[in-house]
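Engineer: build the 3D model from these lines:
(one chain, ligands or ions: 1)
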Amino acid sequence: MELQDTTKAFGPHQVLKGVNLRLPAGQVTALMGANGAGKSTLVKVLCGVHRADAGNLLLDGRPVVFQDPRQANAAGIVTVHQQINDNVVLSLTVAENLLLDRLSDGRLGGLLGRKRLAEQAGPLAEAVGLNVPMDTQVAALGQAERQLLAIARALAHQPRLLILDEPTSTLSDAEAERLFVLVERLRARGTGVLYISHRLSDIRRLADRVVALRDGVIVLEQETPDLPRAVQAMLGHGLGEASHEYRRGGRERFRLQQARLVAGAPPFYLSLREGEITVATGLLSSGGMGLLQAIYGLAPLAAGTMYKGGKPWRPRSPAEAIAGGVFMVQEDRARAGIIPGFSLRHNLSLPFLSHLSRLGMIDRRREAERGKHSLDQAGVVYRSDRQPMSALSGGNQQKLMLARWLQQPCELLLLAEPFQGVDIGARRDIARLLRRTADERATLVVCTDLEEALELADRLLVFNHHRLVGDHRGEQLNMEQVLQQIAALPEHIDEELR
Ligand SMILES: Nc1ncnc2c1ncn2[C@@H]1O[C@H](COP(=O)(O)OP(=O)(O)OP(=O)(O)O)[C@@H](O)[C@H]1O
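Structural biologist: A predicted model of the protein is given here:
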């Protein structure tokens, strides 16, 4: 497939400014670009969601025009979009999602029983390592499981061109590796792959070619990947230093005693202190996220007691947690955090409206001033704070979520996968910002990606099968031990913990 001189604007905002891009069969082309560069817009032109304003789309050398994504699909172009929920139907089961395309075009015949559906869908899920009952409602799945489901659904199409937009943003290294093997298999069969990621490790692992998009133009094309140069080209400048000084925590802000994330697991003790950033890592659904949910009042601990400032902590909802000074950047920003039609300004101030109102009236000037300061501090690329949230690129939406919770002091800041879709330059800036403000609170982060975890952590916790199996100081980190703890099998974990 090939794009020639493609342009696309949203109103007065020219996003693609004449893109030329070649996507050869049997090769993985990695597309790099900072947040807001136009990558998702480019993808949406390729797969028929958006019509380009000008330029040509060539398939096998012949011009094509896709009126909608169905036509692109029929031509063998299959996309896994960055916004995970765009790829799945939340109200259906896993099996129904996996077989949706076959069900809707009648290939599976009439009504199918649950058992037959599960039989057909099972192998598709297994191929990507999605281990959940086939009749689970998708709404009940976590983000990472939804991402695997979206990938499985795409692969079931046997695409000619597979477009993956940030496919590993919530996956750990082990789950990502499984995806890479599948992509390699497709490549060997002649499928062309367009792979978009902010994770350099993914690109290093998979890319045959690299192209960099900056401000709507392809600024670099490499037939042999040279990532430092590609990063420089996409950002327009070099990358700041990733290493940092490790800090030891001061006063204890939060504590868990005799805590169990699931019944039967050995209990653990955890003290979170101000000034240090604690990062929990592990495979998908290994426990870190469950811990955050318990502290934020979303789901109870299986056993144990939590204390904040020495007093028992038992929030029954996020609203109670927020009122008590515990904030959380949630993983599923589309459902748990933002209102797409609202302006950036209003999305920022949503949880704090009571602070901004006097006698029931919202102080608009204060809201605007505070909002702009937070957006700039978090490096959000935006045109106006009155623009709707839905017009912001994915990475910039994520930065806004961070900006929101940094507006007010809190006692404990929880961050679930804070770097989802954030470009590597911005990630470094955000890590610096979190560190700079860390003295004022305790900070607990869940990052499945180890590179991201290490960029942030003063202290690294490892969870495995809902057990806390490792607690490391950043400066004394033994990577081999960390990797072993992440991957250990359940029977070995319990032995070691005893
Ligand atoms: N529907 C829309 N309406 C208005 N502007 C939009 C719309 N979609 C995207 N944009 C704008 O187009 C620009 C490019 O966005 P796009 O999502 O393509 O960036 P991206 O490179 O994929 O970024 P990220 O890495 O953050 O996902 C951004 O400035 C964004 O605000």
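Engineer: which non-adjacent residue is nearest the closest residue to the ligand within the stretch 201-350 of the chain?
Structural biologist: Each residue of the stretch 201-350 of the chain has a distance to the ligand, by Cβ to the nearest ligand atom, and the smallest belongs to Leu213, at 6.8 Å. Where C-beta positions appear, they are placed from N, C-alpha and C, glycine not excepted. Spatial nearest neighbour of Leu213, chain neighbours left out: Gly33 (3.8 Å); criterion: Cβ to Cβ, 6 or more residues apart in numbering.
Engineer: one more: Glu175?
Structural biologist: Once chain neighbours are set aside, the closest to Glu175 by Cβ to Cβ, 6+ apart is Leu284, at 5.4 Å.
Engineer: what's the neighbour count on that neighbour?
Structural biologist: The criterion is other Cβ atoms under 10 Å. On that basis, Leu284 has 20 neighbouring residues.
Engineer: try Leu489
Structural biologist: If you count neighbours by other Cβ under 10 Å, Leu489 ends up with 8.
Engineer: list the contacts of it.
Structural biologist: Remark: with contacts taken as Cβ atoms under 8 Å, 6 or more residues apart in numbering, Leu489 is in contact with nothing.
Engineer: low-confidence ranges, the stretch 51-200 of the chain, go.
Structural biologist: 103-113 (pLDDT under 70).
Engineer: which residues of it lie near the ligand?
Structural biologist: Residues of the stretch 51-200 of the chain that fall close to the ligand, judged by Cβ under 6 Å from any ligand atom: Gln82.
Engineer: where do the helices sit along the stretch 51-200 of the chain?
Structural biologist: Across the stretch 51-200 of the chain, reading from the start of the chain, the helices by DSSP state H, counting those that start in this stretch fall at 69-74, 94-104, 114-128, 143-155, 173-188, 200-206.
Engineer: out of those helices, which one sits most buried?
Structural biologist: Per residue and on average, the most neighbours among those fall to helix 143-155, with a mean of 24 (mean count of other Cβ atoms under 10 Å).
Engineer: what's the angle from that helix to helix 114-128?
Structural biologist: 100 degrees (axes from the mean of the first three to the mean of the last three Cα atoms, to 10 degrees).
Engineer: ok, residues contacting helix 143-155?
Structural biologist: When contacts are defined by Cβ under 8 Å, 6+ apart, helix 143-155 is touched by residues 78-81, 84-85, 87-88, 94, 97-98, 100-101, 124-125, 127-130, 132, 138, 141, 162, 164, 167-172, 175, 179, 182, 186, 284-285, 331-332, 417, 448.
Engineer: what's the helix or strand for the closest residue to Val422 other than its chain neighbours?
Structural biologist: By the measure of Cβ to Cβ, 6+ apart, the closest residue to Val422 outside its immediate chain neighbours is Gly395, 4.9 Å from it. When elements are assigned from DSSP states H and E, Gly395 belongs to helix 394-406.
Engineer: elements contacting that helix?
Structural biologist: If you count contacts as 3 or more Cβ pairs under 8 Å, 6 or more residues apart in numbering; DSSP states H and E, helix 394-406 packs onto strand 326-329, helix 333-336, helix 344-349, helix 364-377, strand 412-416, helix 424-436.
Engineer: spell out whether it and the ligand are in contact.
Structural biologist: Yes. Contact of helix 394-406 with the ligand is found when judged by Cβ under 6 Å from any ligand atom, involving 394-396.
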